[in-house]
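Enquirer: Show me the folded form of this:
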Amino acid sequence: MRSVRIPLAAAAPFVMAALVLAGCGTTSERASGGASPGSSKSCKGTDGKYTIGMSQANVAEPYRQRMDDDIKAAAKDVPQFDVKFADAAQDNAKQVADVENYITQQIDLLIISPNEAKPLTAVVKKAYDKGIPVIVLDRKVEGDAYTGFIGGDNVQIGREAGKYIAEKLLPQGGNVVELKGLAGATPQAERHEGFVEGIKGNPKVKVIASASGDWLREKGQAQMDALLKANPKIDVVYSHNDPMAEGAYLAAKAVGREKEMKFTGIDALPIPSGGIKAVEQGRLSATFTYPTNGKEAIAAAKKILVECGTIEKTQTLPTRLIDASNAAKIYAEENPTG
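Expert: Model (predicted):
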């Protein structure tokens with residue numbers, strides 16, 4: 001069979017057409033898989049209306065209620081946004097179901113603060129793979145199937161807390177008990193890891209016991225009650241959040257031992273029942289700020305949905321020490337109207 005040679009100039013239009021078709025695919029192919037994972041399929045600019053689903057691990061923790069409140073407040077400034085909220089109440093199965101429900105509703109963007117990392121990873125990936133942008137707050141999931149993570153550096157926070165205890169509260173050494181957050185939640189492991197690093201500079205500081213208070217004041221109080229009975233000499237309580245630190249203080253006060261030890265926490269919410277006031281009023285020696293990320297989450301959602309832009313994969317927010325020297329000043333700055 002004799003081959004036919006086609007001049008290059010004549011062939012060019014056919015080649016270009018083939019490339020265009022190969023790149024675009026059919027309409028059904030584009031709808032089912034053309035959108036890159038986690039990219040917004042519904043960015044309509046300022047004229048659009050967008051439904052955002054917020055999946056919260058629980059609202060029993062004041063920090064998490066404040067996170068929801070901050071998201072609501074920030075969203076009020078974006079008229080295109082309608083934000084729905086779901087409370088998982090520390091139940092992984094319920095949080096999975098909440099996200100599945102959002103996917104069914106075809107929300108435009110998912111914000112999630114996972115109860116635990118591993119159990120929520122698959123459903124977060126499912127949303128992401130369907131083209132729903134996913135912003136993960138505070139607690140991480142496994143892998144990288146999400147659009148962006150916003151949170152504090154929990155290892156650094158734990159490290160700063162450890163250094164404060166080793167250098168300021170116990171320079172001559174002493175006994176520490178650690179009240180941990182919920183097992184399986186990434187901040188729990190990271191705040192412990194950082195703390196262990198932070199106290200290494202003072203070998204006379206000994207962690208003599210630990211217990212999990214699941215981030216809750218009542219459970220922290222109950223765990224501290226048991227720790228007090230088992231440990232006659234405790235110099236410092238390092239708590240992974242302020243509510244558990246307050247619970248520990250109450251447990252110690254109930255048996256007349258609160259003056260024997262110091263208490264430190266993490267969160268520093270600028271509310272009457274928060275950690276800053278607890279420091280100002282003398283119940284806690286120190287706390288460390290841990291931003292709720294609510295304002296930043298809505299800013300990221302606006303950039304994705306309204307501005308059709310992209311966000312950083314990881315946004316790390318800073319922390320700072322709050323002790324008796326600056327608690328009143330910082331509280332006043334955070335609450336200018338009183």
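Enquirer: Give me the below-cutoff pLDDT ranges for this structure.
Expert: Applying pLDDT under 70 to the chain flags residues 1-42, 336-338.
Enquirer: Okay, helices next: where are they in it?
Expert: Taking DSSP state H to define them, one finds helices in the chain at 8-24, 27-33, 62-75, 92-104, 117-129, 154-164, 186-198, 217-230, 242-254, 275-280, 294-305, 327-334.
Enquirer: Looking at the ones you listed, which is nearest to residue 144?
Expert: Distances from residue 144 to each of the helices of the chain were compared by Cβ to Cβ, and the smallest falls on helix 117-129, at 9.4 Å. Heads up, the C-betas are built off the backbone N, CA and C, glycines and all.
Enquirer: rewinding a little: tabulate the helices of the chain in TSV, adding columns for mean neighbour count and distance to residue 51.
Expert: Shown next, in TSV, are these (neighbours: other Cβ atoms under 10 Å; distance: least, Cβ to Cβ, whole Å):
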stretch	mean neighbour count	distance to residue 51
helix 8-24	9	29
helix 27-33	11	19
helix 62-75	19	11
helix 92-104	18	9
helix 117-129	19	13
helix 154-164	23	31
helix 186-198	21	28
helix 217-230	19	34
helix 242-254	24	32
helix 275-280	26	34
helix 294-305	22	10
helix 327-334	15	31
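Enquirer: Just put those in JSON lines and tack on distance to residue 136.
Expert: As requested, the helices of the chain are arranged in JSON lines below (distance: least, Cβ to Cβ, whole Å):
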{"stretch": "helix 8-24", "distance to residue 136": "32"}
{"stretch": "helix 27-33", "distance to residue 136": "23"}
{"stretch": "helix 62-75", "distance to residue 136": "13"}
{"stretch": "helix 92-104", "distance to residue 136": "12"}
{"stretch": "helix 117-129", "distance to residue 136": "7"}
{"stretch": "helix 154-164", "distance to residue 136": "14"}
{"stretch": "helix 186-198", "distance to residue 136": "10"}
{"stretch": "helix 217-230", "distance to residue 136": "25"}
{"stretch": "helix 242-254", "distance to residue 136": "23"}
{"stretch": "helix 275-280", "distance to residue 136": "24"}
{"stretch": "helix 294-305", "distance to residue 136": "9"}
{"stretch": "helix 327-334", "distance to residue 136": "25"}
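Enquirer: Tell me which of those sits nearest to residue 211.
Expert: With Cβ to Cβ, the closest approach to residue 211 among those belongs to helix 217-230: 4.0 Å.
Enquirer: Domain boundaries for the protein, per the record?
Expert: In the assignment given by automatic domain parsing, the structural domains of the chain cover 45-138+292-307, 154-291+323-334.
Enquirer: would JSON lines of those with distance to residue 146 be doable?
Expert: Putting these into JSON lines (distance: least, Cβ to Cβ, whole Å) gives the following:
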{"stretch": "domain 45-138+292-307", "distance to residue 146": "4"}
{"stretch": "domain 154-291+323-334", "distance to residue 146": "13"}
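Enquirer: Relative to residue 148, which of those is closest?
Expert: Closest approach to residue 148 among these is made by domain 45-138+292-307 (5.4 Å; Cβ to Cβ).
Enquirer: what's the first-to-last distance across the closest one?
Expert: Across its full length, domain 45-138+292-307 reaches 6 Å end to end, with Cα to Cα, to the nearest Å as the criterion.
Enquirer: likewise stretch 227-236?
Expert: 12 Å.
Enquirer: just stretch 288-302 next, same as before
Expert: The first and last residues of stretch 288-302 sit 29 Å apart, counting by Cα to Cα.
Enquirer: Just checking the distance from it to the centre of its chain.
Expert: 9 Å (Cα atoms, centre = their mean, to the nearest Å).
Enquirer: quick one, what contacts the spatially most central residue of the chain?
Expert: To find the centre residue of the chain, average its C-alpha atoms and take the closest one (Cα atoms, centre = their mean): that gives residue 138, at 0.7 Å. Residues touching residue 138, when contacts are defined by Cβ atoms under 8 Å, 6 or more residues apart in numbering, comprise 67, 113, 150, 151, 152, 187, 292, 293.
Enquirer: which phi and psi does it have?
Expert: In terms of degrees, to the nearest 10, the main-chain angles of residue 138 are phi 70, psi -60.
Enquirer: For residue 72, which non-adjacent residue is closest in space?
Expert: Closest residue to residue 72 in three dimensions, ignoring its sequence neighbours and counting by Cβ to Cβ, 6 or more residues apart in numbering: residue 83, at 6.7 Å.
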